[in-house]
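Chemist: what's the 3D shape of this:
(one chain, ligands or ions: 2)
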Amino acid sequence: MNILGLETSCDETSAAVVNERGEILSNLVLSQLEEHRAFGGVVPEIAARAHVEHLHRLIEAAMDDAGLGFEDLDGVSATCGPGLIGGVMVGMMAGKAIAASQHIPFVAVNHLEGHALTPRLTDGLAFPYLLLLVSGGHTQILVAEGVGRYRRWGTTLDDAAGECFDKAAKLMGLNYPGGPEVQKIASECKDGEAAIKRFGLPAPMKGRAELDFSFSGLKTAVRLAVEALPEGDLQRSDIADLAYVFQDTVADVMVDRCARALDKFKSEYKMASPALVVSGGVSANSAIRARLEALCFGQGVRFYAPPLKLCGDNAAMIAWAGYERLRAGYQDGLDFKARPRWPLDPDAAPRHGAGVKA
Ligand code: KG4
Ligand code: ZN
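Modeler: Ligands and ions are numbered 1, 2, ... in the order given. Below is the predicted model of the structure:
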């Protein structure tokens, strides 16, 4: 069974083919970094236009790479939300058109489910598992119970973790997207302990019983720390120290939240060998991965993080989610409407302030 997946919900245009054995036959990702860099963030209209311009060629190339013709496809899946609606429409319409012309099933995929199911594509991980989903738009703790079945235990009350990396990076004079830039410059910090003493940043929500996150206070603290630096050009070594402390603080909060969530997971699911998954763009961060891995090691919990090329947005995860949904008996009509908001757990209690990020 060969599934073509399409991803266009943010600033990556991607097309991929995956088969039922979880083999990635092709996975092409075109980043629009240059288009958006001058604006310091993703401009929705520019993103949508760039998807229109590039998607058809990427699809052709992905089919070529996979060595397949359209007649060899058994299904097409496309991200149909959540995300920037203009871009989502581009991938969704292309997917529907291919499904209609080939008379094959169309599957509308929730982008978050793509991230959530990635460890099943890469490692064949069985349900249920605890999931820390950390991306540019979302920061949630969920239990993945099955395809289409998620329980949201925590969410951010304000900014998402990736958004916080991006905003903090901008305040520190670094480029967009901020996550990789912060990681890079943080690795130049010579003495972590001294840096922490120098810039003690707050760790919002750390120690709280509920499993939510909050990052806007941390962002403000970074702004104040930058403002307190000596006048004139920012010194690279100062920014390296501050970036190190910022990254360490985010990792600290994640470890604290996950430790609590693991306690709850262990007591509710009573598994012999529980598993924690981190996924989404921020899961590419090596400091965060290392800290979570250490937490799991200490608790006898299996730890899964996607290979780096599958952390950020890519269509292989969308093709795989499409395959899993087809196998579970789901399929969508060509009248499926794109969903700019699409929670994985529609029954989760609303959180004050969480709004869009829920
Ligand atoms: O999942 P993703 O590619 O797109 C969304 O669905 O949002 O996540 C993008 C986010 C950006 O905010 C980016 O700065 C962050 O992931 N990111 C990182 C790293 N690489 C990407 N954050 C921290 N460390 C990284 N190495
Ligand atoms: Zn994503």
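Chemist: could you check how far the nearest residue to Leu292 once chain neighbours are set aside is from Ile288?
Modeler: Spatial nearest neighbour of Leu292, excluding adjacent residues (CB to CB, 6 or more residues apart in numbering): Val278 at 5.6 Å. Any C-beta I mention is one placed from the backbone N, CA and C, and that applies to glycine too. Separation of Val278 from Ile288 (CB to CB, to the nearest Å) stands at 7 Å.
Chemist: okay, and the common contacts of these two?
Modeler: Val134 (CB atoms under 8 Å, 6 or more residues apart in numbering).
Chemist: for the chain, just list every one of the helices.
Modeler: 33-37, 44-66, 85-102, 111-123, 161-171, 178-186, 192-198, 216-227, 236-269, 286-299, 315-327 (DSSP state H).
Chemist: and the shortest one, what does it pack against?
Modeler: So the one you mean is helix 33-37. helix 44-66 (3 or more CB pairs under 8 Å, 6 or more residues apart in numbering; DSSP states H and E).
Chemist: what residues of the helix it packs on count as buried?
Modeler: Buried residues in helix 44-66, counted by 16 or more other CB atoms under 10 Å: 46-52, 54-55, 58-59, 62-63, 65-66.
Chemist: which residues does the nearest residue to Gly67 once chain neighbours are set aside contact?
Modeler: Once flanking residues are discounted, Gly67 sits nearest to Leu25: 7.4 Å by CB to CB, 6+ apart. Contact partners of Leu25, counting by CB under 8 Å, 6+ apart, are 2, 16-19, 65-68.
Chemist: roughly how far apart are Pro307 and ligand 1?
Modeler: 13 Å (CB to the nearest ligand atom, to the nearest Å).
Chemist: what is the neighbour count of the closest residue to Asp65 other than its chain neighbours?
Modeler: Of all residues not flanking Asp65 in the chain, Ser26 sits nearest, at 3.5 Å (CB to CB, 6+ apart). Ser26 sits with 21 neighbouring residues when counted by other CB atoms under 10 Å.
Chemist: my guess is Ser26 contacts Asn19. True?
Modeler: No - in terms of CB atoms under 8 Å, Ser26 does not count as a neighbour of Asn19; the distance is 10.8 Å.
Chemist: what does the stretch 51-200 of the chain have sitting close to ligand 1?
Modeler: 135-137, 162-163, 165-166, 177-180, 183 (CB under 6 Å from any ligand atom).
Chemist: now, which of those residues lie close to ligand 2?
Modeler: Under the cut-off given by CB under 5 Å from the ion, ligand 2 has Ser135 from those close to it.
Chemist: for the residues of the stretch 51-200 of the chain next to ligand 1, work out which two are farthest apart.
Modeler: Across these, no pair lies farther apart than Gly137 and Gln183, at 19.3 Å, counting by CB to CB.
Chemist: now do the buried residues in stretch 66-85.
Modeler: Using 16+ other CB under 10 Å as the test for burial, stretch 66-85 gives 66, 68, 73, 75-85.
Chemist: run through who's touching stretch 327-338.
Modeler: Contacts of stretch 327-338 (CB under 8 Å, 6+ apart): 20, 80-81, 85, 88-89, 92, 96, 99-100, 105-108, 146-148, 325.
Chemist: what's near enough to touch the residue most central in space within the chain?
Modeler: Nearest to the geometric centre of the chain sits Gly280, at 2.1 Å (CA atoms, centre = their mean). Contacts for Gly280 (CB under 8 Å, 6+ apart) come out as 115, 133-135, 138, 162, 311.
Chemist: of those, buried ones?
Modeler: Buried subset of the contacts of Gly280 (neighbour count, 16+ other CB under 10 Å): 115, 133-135, 138, 162, 311.
Chemist: redo the residues you listed as a markdown table? Include pLDDT.
Modeler: Formatted as a markdown table, the buried ones among the contacts of Gly280 follow (pLDDT from 0 to 100):
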| residue | pLDDT |
| --- | --- |
| His115 | 98 |
| Leu133 | 98 |
| Val134 | 98 |
| Ser135 | 96 |
| His138 | 95 |
| Gly162 | 96 |
| Cys311 | 97 |
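Chemist: and the two most separated of those residues?
Modeler: Largest pairwise distance in those, by CB to CB, is 13.8 Å, between His138 and Cys311.
Chemist: state the distance from the closest residue to ligand 1 within the stretch 201-350 of the chain to Asp335.
Modeler: For the stretch 201-350 of the chain and ligand 1, the shortest gap (CB to the nearest ligand atom) falls at Gly281, measuring 2.0 Å. Remark: distance between Gly281 and Asp335 (CB to CB) = 31 Å.
Chemist: the two: who's more crowded?
Modeler: Gly281 (25 against 6).
Chemist: what's the closest non-adjacent residue to Gly86?
Modeler: Ala48 (3.0 Å).
Chemist: repeat for Gly179
Modeler: Phe165 (4.2 Å).
Chemist: likewise Ala169?
Modeler: Gly178 (2.5 Å).
Chemist: again, but for Ile46
Modeler: That would be Glu35: by CB to CB, 6+ apart, it lies 5.3 Å from Ile46.
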